[in-house]
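>>> Here is a sequence together with a model predicted from it:
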Amino acid sequence: MAAAGQLCLLYLSAGLLPRLGSAFNLDAEEDNVIRKYGDPGSLFGFSLAMHWQLQPEDKRLLLVGAPRAEALPLQRANRTGGLYSCDITARGPCTRIEFDNDADPTSESKEDQWMGVTVQSQGPGGKVVTCAHRYEKRQHVNTKQESRDIFGRCYVLSQNLRIEDDMDGGDWSFCDGRLRGHEKFGSCQQGVAATFTKDFHYIVFGAPGTYNWKGIVRVEQKNNTFFDMNIYEDGPYEVGGETEHDESLVPVPANSYLGLLFLTSVSYTDPDQFVYKTRPPREQPDTFPDVMMNSYLGFSLDSGKGIVSKDEITFVSGAPRANHSGAVVLLRRDMKSAHLLPEHIFDGEGLASSFGYDVAVVDLNKDGWQDIVIGAPQYFDRDGEVGGAVYVYMNQQGRWNNVKPIRLNGTKDSMFGIAVKNIGDINQDGYPDIAVGAPYDDTGKVFIYHGSANGINTKPTQVLKGKSPYFGYSIAGNMDLDRNSYPDVAVGSLSDSVTIFRSRPVINIQKTITVTPNRIDLRQKTACGAPSGICLQVKACFEYTAKPAGYNPSISIVGTLEAEKERRKSGLSSRVQFRNQGSEPKYTQELTLKRQKQKVCMEETLWLQDNIRDKLRPIPITASVEIQEPSSRRRVNSLPEVLPILNSDEPKTAHTDVHFLKEGCGDDNVCNSNLKLEYKFCTREGNQDKFSYLPIQKGVPELVLKDQKDIALEITVTNSPSNPRNPTKDGDDAHEAKLIATFPDTLTYSAYRELRAFPEKQLSCVANQNGSQADCELGNPFKRNSSVTFYLVLSTTEVTFDTPDLDINLKLETTSNQDNLAPITAKAKVVIELLLSVSGVAKPSQVYFGGTVVGEQAMKSEDEVGSLIEYEFRVINLGKPLKNLGTATLNIQWPKEISNGKWLLYLVKVESKGLEKITCEPQKEINFLNLKESHNSRKKREITEKQIDDSRKFSLFAERKYQTLNCSVNVNCVNIRCPLRGLDSKASLILRSRLWNSTFLEEYSKLNYLDILVRAFIDVTAAAENIKLPNAGTQVRVTVFPSKTVAQYSGVPWWIILVAILAGILMLALLVFILWKCGFFKRSRYDDSVPRYHAVRIRKEEREIKDEKYIDNLEKKQWITKWNENESYS
């Protein structure tokens, strides 16, 4: 069973808020803020209501619920909760309202009943309701059969906060006496929410614990006038029927689990989904079949006419757990059946967002139709750091089907939207305002949003910050507590304190300036005391208006006259000064505005400086005003006086320009200029001021972006007569001539360059903060027959692949008369040429196959497949970075298998360098067989040569055979797609593969070599059609040779052998015959063989020997010319 106290104290997720607005008319100064404190631990401030008592005396009070306050003496409990009345004019503590000061312990328990969990006032002179949703009824106390039912109970008090008539008291407990058990009314918890209708007719109760916590809403008559008029059959009305108690008629889908209201926070952020939606009416609007448990219908309540019909009242109830995200139901009365029937359902947009935790009905745009504001404090968007949210549904004349809400976001963990309240028109601008609580934003904050003719202003006009923790848990407003005709705001917290902020009256001060003379004629000088002899009389008048019309305080103000403020900010000296004020052209004076619409003026003389150079630009003069706060404040009704404040929506200054008398405008002093503009797109070469015109394609300039180059727009402006035969018609000086160039988001202003020196050097260009617009002053005046050519240098860094063209809006302006100054759009087509290239290499580029055939099933590691080949593809980008593109892909035509399905190249692994982690597709083609990878990738495969079959002989007639394998002819290829995410300037992809050795042995062993071609190319997938990618492909060749042992010897047919033998014998016989004919075989004689010689010989010497020694008898020998061969000679 869930209790509201537990529901409210849970820590919820929240999200991002808009930028904080400046303070406006809620007085947040520490000395003027009123604080009230309760007992520690009492949760004083858990609920709030402003109450206007008319009888017996006129009192405006703040009612504060403290659901954990200590019990009254006769309640027989420790903590029961209570209700307190706070008079803001009194300095003391708040007073506890005594009621419910009894107890019957045999039938009830008030321990922790949480009296004061909600409190509402019926309005001026009306009644007050407060509830204790944990009030218990008991049976069989102190027995084994004891039972407890948490029915809840509400008390109604008269305007003087006492029980006075029959409708007052604590008998407002409609669940008591009905079927018990949590599946029916045993956990009813009536009073989690309760309210009165604004017409004083009804009191409305929420009972979110009924029917397994589906919840119901009950409406009962609360108007004594009806009884006086004998009207007794107006209600009660109840969801599910006051008598039928049919839970199937509860019109909310719901969750299917029990427990606390919020158990967890779940992210449900999809930025592509637009989930603002409302449920359309059913064909049978009185039945909603999707009904389960735990929706908590009745958790929040409001009502009003003008929601669906101008005449019928509609009840609005939140069900923050319906459909696991929350819903808000619009209910109508059915007079015949006394049922409350659904008219429309708003659904929450995310899981566990608590959509419908609080609701408010308010006419934000004052169109007569009530708008609906819904809080979802547990809304969460992780990606956007968005937390709690508030949804504003603007009423479309009672039709809600197609209404898309405006969502206001809260900062993370702030519980933004846990309280939303209509606080009335706090600034009296005619439009009601709302306040939103965010108790976990720092120590707690409350955001004030103003209504307007256009609905809600999404920027908060004021942010109230708390000093005590959980400030902003509860809010009350829409009543003037301090009687100054402006509604005030009270803010509660979970730290036993309440803060009251009083609204400051808002005044509008009208400011007017008159200058005499209204033009400066430098030729007419007077003896007025100015150095130049030219003086101006400046007069500023002020008057104020406020609401109500009877509000007429005397207001002290300080008026200020100031000249050329912006010129002085830019560092230029002023051309004027106020008399007796030194060189600073600023004059202040204290004034008193005694009542509304009473004009008060200030006047001073403005001197023109002597020898001024700028005589063309006007002299701006502004008048501003500030309220002068007194040093001490008087007390009104024992409270510090609340001072008025200037309306923040009104202009803070009044402005006028004093022009010099124009020259060069003809005899009639009217300048009729004739400004003309021409443009051409150019490119800029590097950082040099050299510009080249873009090529023209089909009449449109075409910008080809290959890298981050700047482009330039050449602009030529002329001012010449349109008809030379009638030069007085136009072509006069163009005063304040300027060119405004507005650039698309893809271009940013960088600089400007002049083609040539401009006369008097009046050309200057200034860009706004983000460079989206340039304002070029051409001259003041841009004289007759003048011409200027200059370049606007633009950065193209924001040009993306989705940029189809460039549109630059060019507009000439001048204060001279010229009617034909229509804007011109300079157009250029963008063609983005990606400077991507790919090259590839195979390592090694030559491989061998050999060995024995191994079946696919027998392979366990990649080493068994064949030779290692690593393909490396290098991608180089010389242009724009592609890190965020995500659409560039390297396609590799991988030769997986030959035509008969046998493996060719087996892809083992893909790695990358210079890229984010990639996943190539199809992933299954990488290591298809899940083979074990080898860690020694560079080791050569050892080839075991097969023994040569002796039956295969070498053929003398064998030729060198080769074949080229590629994807287009004889190979089945797979397209491997590898995304190039994170590519900057260069990257590499390495494909580790193995040559399938068995396939080459079986199919290509008769070839001398083969070439395998692998092709790779880059493509870019983009929606834009202006992207070019030239020559982004390559192919890698690998040559495959059989090893020597694979060269087979083929057998020779027998007849070839026989023919060869016979041919050999024949050739031998022919050779013998030729030799015989030449006498090769004839025997030769000695005489025929030994030739004769003509020679001289000496006979051999003969010497005698004696005693074994030669005797020396030497004599001269004679030559002979004839001799016999058997003779001895020397």
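It's in.

>>> What values do phi and psi take at Asn212?
When quoted as degrees, to the nearest 10, the phi and psi of Asn212 stand at phi 60, psi 40.

>>> which residues sit against the helix or strand harbouring Asn809?
Under the criterion of DSSP states H and E, Asn809 resides in strand 805-813. Contact with strand 805-813 is made by 675, 677, 679, 703, 713, 715, 717, 736-744, 746-747, 799, 821, 823-830, as judged by CB atoms under 8 Å, 6 or more residues apart in numbering. C-beta: built from backbone N, CA, C; applies to glycine.

>>> May I see the buried residues of it?
805-806, 808, 810, 812-813 (16 or more other CB atoms under 10 Å).

>>> Which helix or strand lies directly C-terminal to it?
Note on strand 805-813: by DSSP H and E, the next helix or strand toward the C-terminus is strand 824-833.

>>> Give me the helices and strands touching that next one, please.
Applying 3 or more CB pairs under 8 Å, 6 or more residues apart in numbering; DSSP states H and E, one finds that strand 824-833 contacts strand 675-684, strand 700-705, strand 805-813, strand 1027-1028.

>>> where do the helices sit along the stretch 451-600 of the chain?
Along the stretch 451-600 of the chain, the segments classed as helices by DSSP state H, counting those that start in this stretch run 565-569.

>>> Residue ranges in it under the pLDDT threshold?
Within the stretch 451-600 of the chain, not a single segment meets pLDDT under 70.

>>> correct me, but Ser47 touches Gly492?
Yes: here Ser47 reaches Gly492: they are 7.1 Å apart, a contact under CB atoms under 8 Å.

>>> Can you work out which residues contact both of the two?
Taking CB under 8 Å, 6+ apart as the criterion, Ser47 and Gly492 both touch 64, 474.

>>> who's more crowded, these two?
Each of Ser47 and Gly492 has its neighbours counted (other CB atoms under 10 Å); Gly492 has more, 34 against 25.

>>> show me what contacts Pro618?
By CB under 8 Å, 6+ apart, the contact set of Pro618 is 657-660.

>>> same thing but 6 Å
Residues in contact with Pro618 (CB atoms under 6 Å, 6 or more residues apart in numbering) are 657-659.

>>> By neighbours, which of those residues wins?
Val658 (19 neighbours).

>>> and stretch 197-204, how far from the chain's centre?
Relative to the centre of its chain, stretch 197-204 is centred 45 Å away, using CA atoms, centre = their mean, to the nearest Å.

>>> Same question for it: list its buried residues.
For stretch 197-204, using 16+ other CB under 10 Å, the buried residues are 197, 200-204.

>>> distance between the ends of that stretch?
One end of stretch 197-204 to the other measures 7 Å (CA to CA, to the nearest Å).

>>> For it, give the mean pLDDT please.
Mean per-residue pLDDT for stretch 197-204: 89.

>>> again, but for stretch 991-1001
Here the average pLDDT along stretch 991-1001 is 90.

>>> End to end on it, go ahead and measure it.
Terminal residues of stretch 991-1001 lie 24 Å apart, using CA to CA.

>>> same deal with stretch 848-860?
From its first residue to its last, stretch 848-860 covers 21 Å (CA to CA).

>>> Would you mark the buried spots in that stretch?
For stretch 848-860, by 16+ other CB under 10 Å, it's 848-851, 859.

>>> Domains in this structure, by residue range?
With domains defined by automatic domain parsing, the chain comprises 4-501, 507-660, 675-833, 840-932+957-1046.

>>> is it true that Val1072 lies in a helix?
Yes: counting by DSSP: H, G, I helix; E, B strand; the rest coil, Val1072 is found in a helix.

>>> and it, how many neighbours does it have?
Neighbour count of Val1072, defined by other CB under 10 Å: 11.

>>> how close does it get to Leu1058?
Distance check for Val1072 against Leu1058: by CB to CB, to the nearest Å, it reads 22 Å.

>>> Do you have the helices of the protein handy? List them.
4-8, 210-213, 224-228, 565-569, 997-1003, 1054-1077, 1086-1089 (DSSP state H).

>>> tell me the most buried of those?
Highest mean neighbour count of these: helix 210-213, a mean of 26 (counted as mean count of other CB atoms under 10 Å).

>>> For that helix, which helices and strands make contact with it?
With contacts defined as 3 or more CB pairs under 6 Å, 6 or more residues apart in numbering; DSSP states H and E, helix 210-213 has no packing partner among the helices and strands.

>>> and Phe790, which of the helices of the chain is closest to it?
helix 565-569 (24.0 Å; CB to CB).

>>> Please put the alpha-carbon coordinates of that closest one into CSV.
Extracted C-alpha coordinates of helix 565-569, given in CSV (Å, rounded to 0.1, in the frame of the first residue of the first chain):
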residue,chain,number,x,y,z
LYS,A,565,26.5,56.1,-26.6
GLU,A,566,27.4,53.4,-29.1
ARG,A,567,30.0,55.7,-30.8
ARG,A,568,31.8,56.3,-27.5
LYS,A,569,31.7,52.5,-26.8
